[in-house]
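1. please find the sequence and the predicted model below.
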Amino acid sequence: MNGIHDLGGMHGLGPIEREADEPYFHEEWEGRVFGLFFANFAQGHFNVDQFRHGIEKMAPAGYLQTSYYEHWLHSFETLLSEKGIISLEELDRKQAELSQAGDT
Amino acid sequence: MAHDHHNAPPSDTAMRVKALETLLTEKGLVDPAAIDTLIDLYQTKIGPRNGAKVVARAWTDPDYRARLLEDGTKAIAEFGFTGVQGEDMVVVENTEDVHNLVVCTLCSCYPWPTLGLPPIWYKSAPYRARAVSDPRGVIAEFGVDLPEDVEVRVWDSNAELRYLVLPRRPAGTDDMDEDQLAELVSRDAMIGTALVEAPAS
């Protein structure tokens, strides 16, 4: 499948930025997303190919503007809602509920 | 750019993730403690020190080196470095004439059991784009001065197949043992964006 994820040879993406002593996760939520991959995988909600396809189906502009673990989150939401494991409406409600509770 | 957040402030993303984890936990599909364990495992136990042990053994044991180049997956499994994202491993050897560089242009496929989780630059769009179009330039940018006549081979990883570079053993390390040699091997040397240097004496 040809798509925005197929970055090999693309020009104009800027310099390669490196970070000394880079932590594995820059923010706590990145680690949670990483762990959720295994949890969902172990439950059989998707395999690796489906997971990647979930990322590859992202809108091209959004793909380039979001980070690695945001791609993962996007794929979880797509796959889990497509399979009826969660609905995006209940996820929105849960997010609003947590935000209101001031729970960060 | 990889860890910028152009669309939403991080707190929104953090809240979204928390909502997803909470929802799945309430449905009995996720155990937060298991996620804690996984995060700890990949932060403290699975990393490039694993790959460095493989490299050092290949440098000191010719039979092991032969097994490693013949069937990377099997030879790496002798150390117990198996599992997710390391199911099918190919080891490519640097020589006097050939330098190898690993990328995943489509995604960020990387050998987790031997190298741990990839650095952001490996997952970034600029590296994925340029590693295949200008590998010499990328390698130079990382500070490696490759002679013109050294052939550069670029290996594009995928979901099934992952590569590990077997770097060249530096000169002047004949009296070092396997553990000491492993200390010299960096993550980047096993991706192909660095060489292994002998310790300054």
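-> Sure thing, it's come through. Quick caveat, the model's predicted, so the values are computed rather than measured.

2. in which helix or strand does the residue positioned nearest the centre of chain A reside?
-> The centroid of chain A falls nearest to residue A:72 when counting by Cα atoms, centre = their mean (2.0 Å). Residue A:72 is part of helix A:68-82, with elements assigned from DSSP states H and E.

3. for that helix, packing partners?
-> helix A:28-42, helix A:48-56, helix A:88-100, helix B:10-26 (3 or more Cβ pairs under 8 Å, 6 or more residues apart in numbering or on different chains; DSSP states H and E). Where you see a C-beta, it was placed from the backbone N, CA and C, and this is true even at glycine.

4. winner for burial among those?
-> Of all these, helix A:28-42 has the most neighbours on average by mean count of other Cβ atoms under 10 Å in any protein chain shown, namely a mean of 20.

5. quick check: angle from that helix to helix A:48-56?
-> In terms of direction (axes from the mean of the first three to the mean of the last three Cα atoms, to 10 degrees), helix A:28-42 departs from helix A:48-56 by 140 degrees.

6. mind checking how far helix A:28-42 is from the chain centre?
-> 10 Å (Cα atoms, centre = their mean, to the nearest Å).

7. ditto for stretch B:135-146
-> The answer for stretch B:135-146 is 17 Å, by Cα atoms, centre = their mean.

8. tell me where chain B has strands.
-> Using DSSP state E, the strands of chain B run over B:89-93, B:98-103, B:151-156, B:162-166.

9. out of the ones you listed, which one sits most buried?
-> strand B:162-166 (a mean of 25).

10. now for it, which elements pack on it?
-> helix B:48-60, helix B:62-70, strand B:89-93, strand B:98-103, helix B:187-191.

11. okay, the second one in CSV with CA atoms only?
-> Included here for helix B:62-70 are C-alpha records, laid out as CSV according to Å, rounded to 0.1, in the frame of the first residue of the first chain:
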residue,chain,number,x,y,z
PRO,B,62,34.4,-17.8,15.3
ASP,B,63,31.9,-20.7,15.5
TYR,B,64,29.3,-18.4,17.0
ARG,B,65,30.0,-15.7,14.4
ALA,B,66,29.3,-18.3,11.7
ARG,B,67,26.1,-19.4,13.3
LEU,B,68,25.0,-15.8,13.8
LEU,B,69,25.5,-14.9,10.1
GLU,B,70,23.9,-18.2,9.0
